[in-house]
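Colleague: Kindly generate the corresponding structure for this input.
(one chain, ligands or ions: 1)
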Amino acid sequence: MKFEDGDRRTAAPPTPARIVDASKFDLAAAERAAHELLRAMGADLDHPGLLETPRRVAASFAELLTPAEFGATLFRNEGYDELVLVRDIAFQSLCMHHLLPFHGVAHVAYLPGECIIGISKLARVVEAFARDLQLQERMTMQIADWLEEELSPRGVGVVLSAEHMCMTIRGVRKPGSRTVTSAVRGMLRKDARTREEFFSLVERCG
Ligand code: ZN
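Modeller: Below you'll find the model as predicted:
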């Protein structure tokens, strides 16, 4: 990707390969389904405390699965050639296997090539991919892929550390356990020194 005129260009939104097409979210149908789920669970549907619950459930899922509007401008790099790392980007997502939340932090780094991106946009990219039915592994790769495609950087590193409610409140019930995933590309994959620098920056500040 090149700068055709001037020193800036617009990045493509991070929307490839979504599981949920938010434009097809049917709020009324989701509300009816939540009502049916309560009935199937044996809940007393006449209880006053449950009257608004189907509507709230539908609205909550709509919010968790609709990514915010995304716009990012890329700028010509004026010679910075070290890692750019944004640490501790908090995110919340929904596990596609249980529809339960997983939440944690993302550390996102890139080694700039021809262009740089506003650092707050790195947090936006994480958020955009989080608002879907997700797997932590897939989300980690999607963030790395997007950076690689849009920025053509010399390297990319992404680490996600998260607590999965499907593991902490049900199943094996191990509160406090964290799942860590990483994706490294380009120089961060090929060059041991650069990769080490990335992982030590992620750990040192932790
Ligand atoms: Zn799960």
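Colleague: Now the element after the helix or strand of the chain with the lowest mean pLDDT, going C-ward?
Modeller: Using mean pLDDT, DSSP states H and E, strand 8-10 stands out as the lowest-scoring helix or strand of the chain, at a mean of 86. Next helix or strand after strand 8-10 toward the C-terminus (DSSP states H and E): helix 27-40.
Colleague: which other helices and strands contact whichever helix or strand comes after that next one?
Modeller: Downstream of helix 27-40, the first helix or strand assigned by DSSP H and E is helix 53-65. Packed against helix 53-65 by the contact rule (3 or more CB pairs under 8 Å, 6 or more residues apart in numbering; DSSP states H and E) you find helix 27-40, strand 84-95. (C-beta placed from N, C-alpha, C; glycine too.)
Colleague: just the ones you listed: most buried one?
Modeller: strand 84-95 (a mean of 18; mean count of other CB atoms under 10 Å).
Colleague: tell me which residues of the helix or strand that that strand is followed by are tucked away?
Modeller: Following strand 84-95 in sequence order, the next helix or strand is strand 101-111 (DSSP H and E). Using 16 or more other CB atoms under 10 Å as the test for burial, strand 101-111 gives 101-102, 104-111.
Colleague: gap between the helix or strand just after strand 101-111 and the chain center?
Modeller: Sequence-wise, the next helix or strand downstream of strand 101-111 (DSSP H and E) is strand 115-117. In terms of CA atoms, centre = their mean, to the nearest Å, the centre of strand 115-117 is set 20 Å apart from its chain centre.
Colleague: Now strand 115-117: average pLDDT?
Modeller: For strand 115-117, mean pLDDT rounds to 94.
Colleague: Pull the residues that contact it.
Modeller: By CB atoms under 8 Å, 6 or more residues apart in numbering, the list of residues contacting strand 115-117 from outside reads 1, 3, 9, 11, 72-77, 80, 84, 150-152.
Colleague: Then stretch 10-21?
Modeller: 65, 67, 70-74, 96, 117, 121, 125, 128-129, 132-134, 142-143, 146, 149-151.
Colleague: filter these to the buried ones?
Modeller: Buried members of these, counted by 16+ other CB under 10 Å: 65, 67, 72, 74, 117, 121, 125, 128-129, 132-134, 142-143, 146, 150-151.
Colleague: and the gap between residue 155 and residue 164?
Modeller: Residue 155 sits at a distance of 29 Å from residue 164 (criterion: CB to CB, to the nearest Å).
Colleague: Thank you kindly, that will do.
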